[in-house]
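>>> just coords:
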RNA sequence: GGGCUGCUAGCUCAAUGGGCAGAGCAGCGGACUUUUAAUCCGCGGGUUCAGGGUUCGAGUCCCUGGCGGCCCA
């Protein structure tokens, strides 16, 4: 719903000089009958193809071959009768264009100098040569402006401020090779994940993002409204309950890669919308999911770096190879506390430990939740190498099967790397009666005002009552996977992260 | 939520203790037929985030707000 129609204003008044000048050049072209934004340019080759074909061309050589190329002007070096420009095309390949008086003529050379600014898109047709300095170039016979840039590019040799990079990613992409590389790395990782899953007979599905009830995880949802149904809807916090319906329906190996939305904090490792991989495997359990997850991550590492060792932006390396460490929650917590703690340790003892380590205790927490909080406080920041932390208290895992051997625990692991949680997996709870008990308990929490608790999803329970096979399920944050693979902050791995209005 | 900190030309940043708001790149004018962030000569360019206050005088000090960043809970 538009609250007000934008009022057209004459923006040409009162502009900074550089924008005014560029607008005037556009006007001048139109007045002279030249199109500043023509429909295209008949290019015959890409810059990358030329670079590849003529990689070995010796210095100061003319090939006799005429080509047409296009690109954005990123450097200009104009002299009296011979002008140089560096063009760059979408994949980042750069190539020099040369415009000489004797080839293009006085008029077109003058117009080049008069009209072309840094940032403009141009098309150039001419002979492939190398310059006297050995630079592979197209020596123009003719040229056209293909899109006039009305705003000046920022300085190419200084990094944009962090805020400008995020708010104007398009500019960041123009001036910073690392920004372009990150987009490609992310695409490579996504393709690798899909390839790895397809190779293991998993089927990709898309389940609802707009949901009538919110569930599948513990998180605060975004609320929106359907006019047609005249009802509030939730943006999903997880696809879990729908993917399990798929497994009930016989899609034995199923996955989804898409966005979840959580109405929570925004910081260097949390974004309100984030991409997630979730997958389920009938007759799998949390052990098969651990193997699968490790292989998915290792395949992705190999896809971007050729090995299990990935290079981070800060120059360090992270080795994701091998079997990965596997510990139990209470095991590492006991180690950190220096005293034996189990799922049976009573609340009073745990509170003592919390006080000793200056951890504020929420009175709503049970002993399981408190143990997890202690773990997050004392252990997680030190988990740099990939580590599976297994066997969580069942109290905090309402959708997880009880541990097959140890009462009070659930068959769940969290995968930690670089001090953050990368993924989680369960041996899924498939007994519809127990499932109902747990969800009713959640719904009662929700009714008492816990806005992270799930609502009672009768349709999900009905599905479970038709019989879901034993299954393992796993979820992994895509943005965080990129962080682990590249060492970048979450705002760099997400192309257009949410920012406050300017 | 708390603490610290930043916001100045298109971009990146300076500006002594409160005393004429500057540089590099970019831009404009000129020179240059082999440049590589070209070079040389000349010139312009500012609501110092917004609003209020103190002061003869505020980019600078104080208050409120906005948008970032870092640290802590």
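Cool, the structure landed. As the structure is a prediction and not an experimental result, all values here were calculated from the model.

>>> which helix or strand contains residue A:421?
strand A:420-427 (DSSP states H and E).

>>> parallel or antiparallel, which strands does that strand pair with?
When pairing is defined by DSSP bridges, strand A:420-427 lines up against strand A:409-417 (antiparallel), strand A:471-477 (antiparallel).

>>> elements contacting whatever helix or strand comes next after the last one?
Right, the one you point to is strand A:471-477. The helix or strand immediately downstream of strand A:471-477 is helix A:478-486, counting by DSSP H and E. Helix A:478-486 sits against helix A:177-199, strand A:273-282, helix A:286-305, strand A:309-311, strand A:420-427, helix A:490-493, with contacts defined as 3 or more C-beta pairs under 8 Å, 6 or more residues apart in numbering; DSSP states H and E. For every residue, glycine as well, the C-beta is placed using N, CA and C.

>>> apply 7 Å and report the result again.
Packing partners of helix A:478-486 (3 or more C-beta pairs under 7 Å, 6 or more residues apart in numbering; DSSP states H and E): helix A:177-199, strand A:273-282, helix A:286-305, strand A:420-427, helix A:490-493.

>>> could you dump the strands paired with strand A:420-427 to CSV with mean neighbour count, distance to RNA strand B and mean pLDDT?
Listed next are the strands paired with strand A:420-427 as CSV, based on neighbours: other C-beta atoms under 10 Å; distance: least, C-beta to the nearest atom of the strand, whole Å; pLDDT from 0 to 100:
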stretch, mean neighbour count, distance to RNA strand B, mean pLDDT
strand A:409-417, 25, 17, 95
strand A:471-477, 24, 19, 96
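
>>> and of those strands, who's closest to residue A:46?
Ranking the strands paired with strand A:420-427 by proximity to residue A:46 (C-beta to C-beta) places strand A:471-477 first, at 35.4 Å.

>>> let me know the angle separating the closest one from strand A:273-282.
Inter-element angle recorded for strand A:471-477 and strand A:273-282: 160 degrees (by axes from the mean of the first three to the mean of the last three C-alpha atoms, to 10 degrees).

>>> identify the residues contacting strand A:471-477?
For strand A:471-477, the external contacting residues (C-beta atoms under 7 Å, 6 or more residues apart in numbering) are A:247, A:274, A:276-282, A:284-286, A:288-289, A:292-293, A:422-428, A:430.

>>> ranges for the helices of the stretch 101-250 of chain A?
Using DSSP state H, counting those that start in this stretch, the helices assigned to the stretch 101-250 of chain A run over residues A:101-115, A:162-167, A:169-175, A:177-199, A:240-248.

>>> tell me which of these is the most buried.
Of all the helices of the stretch 101-250 of chain A, helix A:240-248 carries the top mean neighbour count, a mean of 23, counting by mean count of other C-beta atoms under 10 Å.

>>> what's the first helix or strand after it?
strand A:253-261.

>>> got the residues of the stretch 251-400 of chain A near RNA strand B?
Within the stretch 251-400 of chain A, the positions near RNA strand B by C-beta under 7 Å from any atom of the strand are A:265, A:267-268, A:358-360.

>>> out of those residues, which are buried?
Restricting these to buried positions leaves residue A:359, with burial counted as 16 or more other C-beta atoms under 10 Å.

>>> rebuild the residues of the stretch 251-400 of chain A next to RNA strand B as JSON lines, extending it with secondary structure, distance to residue A:191 and pLDDT.
Below are these laid out as JSON lines (DSSP: H, G, I helix; E, B strand; the rest coil; distance: C-beta to C-beta, whole Å; pLDDT from 0 to 100):
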{"residue": "A:265", "secondary structure": "coil", "distance to residue A:191": "31", "pLDDT": "76"}
{"residue": "A:267", "secondary structure": "strand", "distance to residue A:191": "29", "pLDDT": "73"}
{"residue": "A:268", "secondary structure": "coil", "distance to residue A:191": "26", "pLDDT": "66"}
{"residue": "A:358", "secondary structure": "coil", "distance to residue A:191": "45", "pLDDT": "80"}
{"residue": "A:359", "secondary structure": "coil", "distance to residue A:191": "42", "pLDDT": "82"}
{"residue": "A:360", "secondary structure": "coil", "distance to residue A:191": "44", "pLDDT": "81"}
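
>>> which one of the residues of the stretch 251-400 of chain A next to RNA strand B is nearest residue A:83?
residue A:268 (45.3 Å).

>>> who touches the closest residue to RNA strand B within the stretch 301-450 of chain A in this structure?
For the stretch 301-450 of chain A, the residue closest to RNA strand B is residue A:360, as judged by C-beta to the nearest atom of the strand, at 5.1 Å. Not one residue lies near residue A:360 by C-beta under 7 Å, 6+ apart.

>>> what about residue A:24, how many residues close to it?
The tally of other residues near residue A:24 (other C-beta atoms under 10 Å) stands at 11.

>>> can you list the domains in chain A?
A:15-147, A:174-324+A:385-493 (the TED database).

>>> winner for burial among those?
Mean neighbour count (mean count of other C-beta under 10 Å) peaks for domain A:174-324+A:385-493 among these, with a mean of 18.
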